[in-house]
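Engineer: Here is a sequence together with a model predicted from it:
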Amino acid sequence: MAIVSPSMLSANFLNLQNDIDFVNTSNADWFHLDIMDGVFVPNISYGLPIVRAIKKTAQKPLDVHLMIEKPERYISDFKNSGADILCVHYEACTHLHRTVQAIKQEGMQAGVALNPHTSVELLRDIICDVDMVLIMSVNPGFGGQKFIPQSLQKIAQLKEMIVQANSQAMIQVDGGVDTTNCRQLTQAGADVLVAGSAIFGAENPRAVVKELKNS
Ligand code: DX5
Ligand code: ZN
């Protein structure tokens, strides 16, 4: 059974409550919230007020994916806005170890995300300190992109590293995840599946969540 984290980037912002209710009542486990600053990634999504608003009515943990430069500046703001899991990009942090500790000190779970070009090897010295590693299976910035197949090998390699080090880190995969590749992803070692367009763009989103969950 995978953990399923629907990406609200693909939700209907004209009726967000409706899609929050859907996640609350579906088999999904978390809310995946994508924060983009227009610098680290070429897109701007939404910020703290939306996270706070979602928190008021979400009945499941908020899994916040920061695609912003120098994310250490905003750790306590995201905590105060309701984040339960805070994930920063390896590429955006000069002092990653310090940032991970700061997230945990705030009482959140700490995740580290890797862009498609970033080797999982770079996490070897920090793998026992992180609660989750996010493998980006598209270049971050937009929903609805095509899954990069090389991500499967990265997941398998990361899984091996986690087992070897006796780390408790979960593996999350984000980008182009759908019902055609979910099984391969969990077989490779993924614990958490993020999906935006595959869920919110589906005719039967509830059935897609179920299928992802059972993969
Ligand atoms: C992309 C974001 C993803 C995005 C996934 O930068 O991190 O969470 O919403 O969207 P899909 O599932 O449509 O690829
Ligand atoms: Zn994301």
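Structural biologist: Yes, it's here. Ligands and ions are numbered 1, 2, ... in the order given.

Engineer: Tell me which helix or strand I155 sits in.
Structural biologist: helix 151-165 (DSSP states H and E).

Engineer: And that helix, what does it pack against?
Structural biologist: Helices and strands touching helix 151-165, by 3 or more C-beta pairs under 8 Å, 6 or more residues apart in numbering; DSSP states H and E, are strand 132-136, strand 170-174, helix 182-188. The C-beta positions use only the backbone N, C-alpha and C, and glycine is treated the same way.

Engineer: tell me the contacts of D34?
Structural biologist: By C-beta atoms under 8 Å, 6 or more residues apart in numbering, the residues touching D34 are 7-9, 45, 65, 67.

Engineer: now these in JSON lines, with distance to ligand 2?
Structural biologist: Compiled in JSON lines, those are given as follows (distance: C-beta to the ion, whole Å):
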{"residue": "S7", "distance to ligand 2": "6"}
{"residue": "M8", "distance to ligand 2": "10"}
{"residue": "L9", "distance to ligand 2": "7"}
{"residue": "S45", "distance to ligand 2": "9"}
{"residue": "H65", "distance to ligand 2": "4"}
{"residue": "M67", "distance to ligand 2": "7"}
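
Engineer: follow-up on the earlier one: could you check the angle the helix holding I155 makes with strand 132-136?
Structural biologist: 160 degrees (axes from the mean of the first three to the mean of the last three C-alpha atoms, to 10 degrees).

Engineer: Can I get helix 151-165 in CSV, CA atoms only?
Structural biologist: Extracted in CSV, the C-alpha atoms of helix 151-165 (Å, rounded to 0.1, in the frame of the first residue of the first chain):
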residue,chain,number,x,y,z
SER,A,151,13.7,8.1,-12.2
LEU,A,152,13.0,4.4,-11.6
GLN,A,153,16.7,3.6,-11.4
LYS,A,154,17.2,6.5,-9.0
ILE,A,155,14.5,5.2,-6.7
ALA,A,156,16.0,1.7,-6.7
GLN,A,157,19.5,3.1,-6.0
LEU,A,158,18.1,5.3,-3.2
LYS,A,159,16.2,2.4,-1.7
GLU,A,160,19.5,0.4,-1.6
MET,A,161,21.3,3.3,0.1
ILE,A,162,18.5,3.6,2.7
VAL,A,163,18.5,-0.1,3.5
GLN,A,164,22.3,-0.2,3.7
ALA,A,165,22.4,2.8,6.1
